[in-house]
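In: Please work out how this folds:
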Amino acid sequence: FQFTQSGEKQAFLDGVVRLLQRESQCECVGIRVLDEDGCIPYQSYTGFSHDFWESENHLKVSAEDCSCTRLVKGRLHPSDYKILSSSGSICCNALQQLGDGFSPEELALYRGACVREGFQSIAIVPIFQRGVIVGIVHIADATPDKVTPGILQCAEFLAPLLGEVLARDQLERSLHSTQANQMILSSIVSGISHLAYVTNLTTWEVLHLRPDLNVLLGLQGQTSKKCYQLFGYDSPCAKCACLETPTKVTWEEYNPLLKLHLLAERKAVRWPDGQLVDMVFVSDVTKQKEAELKLLASNEALRKNVQELESLSASLEEEIAERQDAQELLEKKNKEIQYIAYHDCLTNLPNRASFYKRLAQELYQQTTGAVIFIDLDDLKMVNDAFGHAYGDALIQAAGNCIASAVGPQAFIARLGGDE
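Out: Coordinates of the predicted model:
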């Protein structure tokens, strides 16, 4: 499948569809391409029923009602990951069995269209263009286990080629849609349709010179010239020296003397009298080249703008990530502050504020229970005799003892000091 000229895109897509159908032996194969309306219609397909094809062509990516749309949008459901290959393709060889585990609502949102069509085996392979999914290859069959690893690998191998073809087609359509490019094509076609001049390749004498070219080159009223003198050269150029019948040569160059961009097609022909002549078709493409250069400059400016936008996007993503980190840190600090506000720093038990808050909740709920107040006697003697570190250790040990004794069914708090 060679894609070398404009207009061959459809033939290429049709060829890929035929190839995949032949190799996979699957009933249905299609290539869907994302359009400007947010739909993914089939650009080429075979085997799908008309009703299925027509309904799927109007399927919006934003609807997220099947695997195709979710894959293109990049928002797969957790259930999709069960049948997602390592290369990012969806493949299922028992679709009906998979669908049986869903409710009717889930089935409608999952891949109801394929299930209703009676498909058992499906494969959905993404087509990327600059890292973005622009379409999919869709393979389906009513028989289970039809999509083999080899078929999936074949489709994944063709997917990048499809991306290149779609990108090139888009670029060509963009170029051909511009007025400047239409002017270039129109001028070239009209220019090479008329014979400009004929030269004897032995003597370099001009045998024929088209009148409008004579005017263009400013040669009105002048006697015959050598062909190379028409363009301001003092001797034959290399272009003439390489001509041999029936060789055809096309060249394009800027002539500084005439300040013109010239496009020429030349062919060596043997005249009946035996002399070798050079038949030349010349066009002035100066305006077209200027338009082309402006278009190239515009494209370069656009490319730089895209790069700047990508750089800005990366900076914004980095800033967003930094803000998210800062937000997470702030939330962590808030949790720490909340913990400190309602917990005793010595025993890590709830503090007085936490106790009264819990007590208020219990009283409001009118549950039965009891409040036990425990005070450690003679703690001051321990502090005086052994130091405050021992007193603190005694408080911690008492808290641990109580917590261990009563278990999780009781709420324990340190009100302060030895209480």
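In: Please compute how far the strand or helix carrying Ser354 lies from its chain's middle.
Out: With the criterion set as DSSP states H and E, the secondary-structure element containing Ser354 is helix 352-365. In this view, helix 352-365 has its centroid 57 Å away from the chain centroid, taken as Cα atoms, centre = their mean, to the nearest Å.
In: Any buried residues in that helix, and which?
Out: Of the residues in helix 352-365, those buried under the neighbour-count criterion (16 or more other Cβ atoms under 10 Å) are 354-355. Backbone N, C-alpha and C define where each C-beta goes, glycine included.
In: Dump that helix to PDB, restricted to CA.
Out: Below are the C-alpha coordinates for helix 352-365, written out as PDB (Å, rounded to 0.1, in the frame of the first residue of the first chain):
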ATOM      1  CA  ARG A 352     -10.200  17.800  77.700                       C
ATOM      2  CA  ALA A 353     -11.800  19.500  74.600                       C
ATOM      3  CA  SER A 354     -12.200  16.100  73.000                       C
ATOM      4  CA  PHE A 355     -13.700  14.700  76.100                       C
ATOM      5  CA  TYR A 356     -16.400  17.400  76.500                       C
ATOM      6  CA  LYS A 357     -17.200  17.200  72.800                       C
ATOM      7  CA  ARG A 358     -17.700  13.400  73.100                       C
ATOM      8  CA  LEU A 359     -19.700  13.800  76.300                       C
ATOM      9  CA  ALA A 360     -22.000  16.300  74.700                       C
ATOM     10  CA  GLN A 361     -22.600  13.800  71.800                       C
ATOM     11  CA  GLU A 362     -23.400  11.000  74.300                       C
ATOM     12  CA  LEU A 363     -25.800  13.100  76.300                       C
ATOM     13  CA  TYR A 364     -27.600  14.300  73.100                       C
ATOM     14  CA  GLN A 365     -28.100  10.700  72.000                       C
END
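In: Next SSE downstream of it?
Out: Proceeding C-terminally, helix 352-365 gives way to helix 379-386 as the next helix or strand, assigned by DSSP H and E.
In: Output the helix or strand that that next one is followed by in CSV with nothing but the alpha carbons.
Out: Of the helices and strands lying after helix 379-386 in sequence (DSSP H and E), the nearest is helix 388-406. Coordinates of the C-alpha atoms in helix 388-406 are reproduced here as CSV (Å, rounded to 0.1, in the frame of the first residue of the first chain):
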residue,chain,number,x,y,z
HIS,A,388,9.2,15.2,86.2
ALA,A,389,10.3,12.7,83.6
TYR,A,390,9.4,9.9,85.9
GLY,A,391,6.1,11.6,86.7
ASP,A,392,5.3,11.9,83.0
ALA,A,393,6.2,8.2,82.5
LEU,A,394,3.8,7.3,85.4
ILE,A,395,1.0,9.3,83.7
GLN,A,396,1.7,7.5,80.3
ALA,A,397,1.8,4.1,82.0
ALA,A,398,-1.5,4.8,83.9
GLY,A,399,-3.1,5.8,80.5
ASN,A,400,-1.9,2.7,78.8
CYS,A,401,-3.1,0.5,81.8
ILE,A,402,-6.6,2.0,81.7
ALA,A,403,-6.8,1.7,77.9
SER,A,404,-5.7,-1.9,78.0
ALA,A,405,-8.1,-2.7,80.8
VAL,A,406,-11.3,-1.3,79.3
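In: Could you pull out the buried residues of helix 388-406?
Out: The neighbour-count criterion (16+ other Cβ under 10 Å) identifies 391, 394-396, 398-399, 402 as the buried residues of helix 388-406.
In: Quick one: residues in contact with that helix.
Out: Defining contact as Cβ atoms under 8 Å, 6 or more residues apart in numbering, one finds that helix 388-406 is touched by 346-347, 349, 374, 376, 379, 382-383, 412, 414, 418.
In: Which stretches in the stretch 201-350 of the chain count as strands?
Out: In the stretch 201-350 of the chain, the strands defined using DSSP state E, counting those that start in this stretch lie at 206-209, 248-255, 260-270, 276-284.
In: Deepest in the core, which of those is it.
Out: With neighbours defined as mean count of other Cβ atoms under 10 Å, the strands of the stretch 201-350 of the chain peak in mean count at strand 276-284, which reaches a mean of 20.
In: average model confidence for that one?
Out: Averaging pLDDT along strand 276-284 yields 76.
In: From the chain's centroid, how far away is that strand?
Out: 47 Å.
In: That strand pairs with which strands, parallel or anti?
Out: The partner list of strand 276-284 in its sheet, established with DSSP bridges, is strand 197-200 (antiparallel), strand 260-270 (antiparallel).
In: possible to save the ones you listed as TSV with mean pLDDT and distance to Gly47?
Out: Shown next, in TSV, are the strands paired with strand 276-284 (pLDDT from 0 to 100; distance: least, Cβ to Cβ, whole Å):
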stretch	mean pLDDT	distance to Gly47
strand 197-200	77	59
strand 260-270	78	47
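In: Dump those strands to TSV, plus distance to Tyr228.
Out: As requested, the strands paired with strand 276-284 are arranged in TSV below (distance: least, Cβ to Cβ, whole Å):
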stretch	distance to Tyr228
strand 197-200	9
strand 260-270	13
